[in-house]
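Asks: I'll drop the sequence and a predicted model, then ask my questions.
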Amino acid sequence: MAHRVKDIAAALGAEAFGAVDLFVDGAAEPASAGPADLALAMTPAYGDALAQGNARVAVVWPGADWQALGLEAAIIAPRARLAMAGLTQMLDRPLPATGISPHAAVDPTASIGRNVSIGAFCVIGADAVIGDNTWIADQVSVGEGVIIGADCQIHAGVRLRRGTRIGARVILQPNVAIGGDGFSFVTAQPSNVELARETLGEGEVTVPEDPTWHRIHSLGGVVIGDDVEVGANSCVDAGTIRPTQVGNGTKIDSLVQVGHNVIVGAHCLLCAQAGIAGSTVLGDRVVVGGKAGVADNLKVGDDVVLGGGSVVLSNVPAGRVMMGYPATKMSTHVESYKALRRLPRILRQLGKR
């Protein structure tokens, strides 16, 4: 769908200059942009690339001489990534409203709202509730009694087990699994891992008489708040007795594991391959970097930032920036890293004495 330059600028809350009645029907990087594209040259680093493409219009940085860059019109974006969010939403293709596929299996006791789309080979269980305007792609499984709010997007292959409640405007990317059993097992006698935790590894390793792991079943389900997004192939496990919780506005990347009984606060970011172990509590606005992990039964305060690859083994106060394994304050970690880098030189100097 084509949009006028001035309409795009108005939607972004930005300023437009030049031939603002020109139409564009897509976005492109500057070097590959064609005459009908809106080139994205939001920082000076992209200025030279405009000459390699054929864009007539671009989103440019504040202070750019857009006419000297050979453009007929320009949109000035003071905050580039925020403009990108609005622009991509405006240019994205709408989801196809297909109604309920004849190949879907919908239990007669399920409650289906208005304007709901359910794709082929979906299974909607007994007493499930699906809110108005929710879109469900092909091959989605919605378990017994699952509640899905209004205006949600449930992409292909998602699995929602019984006891799952999802708020409004939630987006679940392909193959998300919500409400699977938590990884919770126990032996008849204390296992070596329990002894190791109690003694901090100083106890003796024993050979148990009965090594059988007994399953602790997950009865608590999962509660997902409003405006949450979960990336492809991520998992949120059901709580044991009380539900695992994910707060409003939280965004979870692909390949993330949220363990049983975890409470994730509002407006958190959990990046790819992060793992939150069972019964841990994350405060509001916590950022967990890629491949970072948080051990079980811990508390991470509001506004904490965990750098990529960090491993948290103890409680973290609010507002702290952490890095490393075990995770420490970023400033402490950087100083330790510098000292480690200097160590070979120091040893060489000592060897000469």
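Replies: Looks like it came in fine. Numbers count the residues shown, from 1 in each chain.

Asks: what's near enough to touch the closest residue in space to residue 254 that isn't next to it in sequence?
Replies: Among residues not flanking residue 254 along the chain, residue 231 sits closest, at 3.6 Å (CB to CB, 6 or more residues apart in numbering). C-beta here means a position set from N, CA and C on the backbone, and glycine is covered the same way. Counting by CB atoms under 8 Å, 6 or more residues apart in numbering, residue 231 makes contact with 173, 176, 252, 253, 254, 255, 256, 272.

Asks: Out of those residues, which end up buried?
Replies: Neighbour counting by 16 or more other CB atoms under 10 Å classes 173, 176, 252, 253, 254, 255, 256, 272 among the contacts of residue 231 as buried.

Asks: out of the contacts of residue 231, which one sits closest to residue 217?
Replies: Using CB to CB, the shortest approach to residue 217 within the contacts of residue 231 belongs to residue 176, at 21.9 Å.

Asks: got the contact list for the closest one?
Replies: 155, 158, 159, 230, 231, 232, 233, 234, 235 are the contacts of residue 176 under CB under 8 Å, 6+ apart.

Asks: Mind doing that once more with 7 Å?
Replies: Residue 176 makes contacts with 158, 230, 232, 234, as judged by CB atoms under 7 Å, 6 or more residues apart in numbering.

Asks: now those residues in JSON lines, with distance to residue 181 and neighbour count?
Replies: Listed next are these as JSON lines, based on distance: CB to CB, whole Å; neighbours: other CB atoms under 10 Å:
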{"residue": "158", "distance to residue 181": "17", "neighbour count": "23"}
{"residue": "230", "distance to residue 181": "18", "neighbour count": "28"}
{"residue": "232", "distance to residue 181": "21", "neighbour count": "17"}
{"residue": "234", "distance to residue 181": "16", "neighbour count": "24"}
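
Asks: Throw the residues you listed into TSV and include pLDDT, thanks.
Replies: Output for the contacts of residue 176, formatted as TSV (pLDDT from 0 to 100):
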residue	pLDDT
158	98
230	98
232	98
234	98
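
Asks: Out of these, flag the one nearest to residue 86.
Replies: The shortest approach to residue 86 among these belongs to residue 230, at 22.3 Å (CB to CB).

Asks: Quick check, the closest one in contact with residue 173.
Replies: Yes: the pair residue 230 / residue 173 is scored as a contact, 6.5 Å apart, by CB atoms under 7 Å.

Asks: Compute the distance between the nearest residue to residue 236 once chain neighbours are set aside and residue 284, please.
Replies: With sequence-adjacent residues excluded and distances taken as CB to CB, 6+ apart, residue 236 is closest to residue 258, at 4.4 Å. Residue 258 sits at a distance of 16 Å from residue 284 (criterion: CB to CB, to the nearest Å).

Asks: What of residue 249?
Replies: In terms of CB to CB, residue 249 sits 9 Å off from residue 284.

Asks: which residues do the two both contact?
Replies: 266, 267.

Asks: which pair in the contacts of residue 231 spans the largest distance?
Replies: Every pair of the contacts of residue 231 checked by CB to CB; the farthest is 176 and 272, at 13.7 Å.

Asks: Cool, thanks, talk later.
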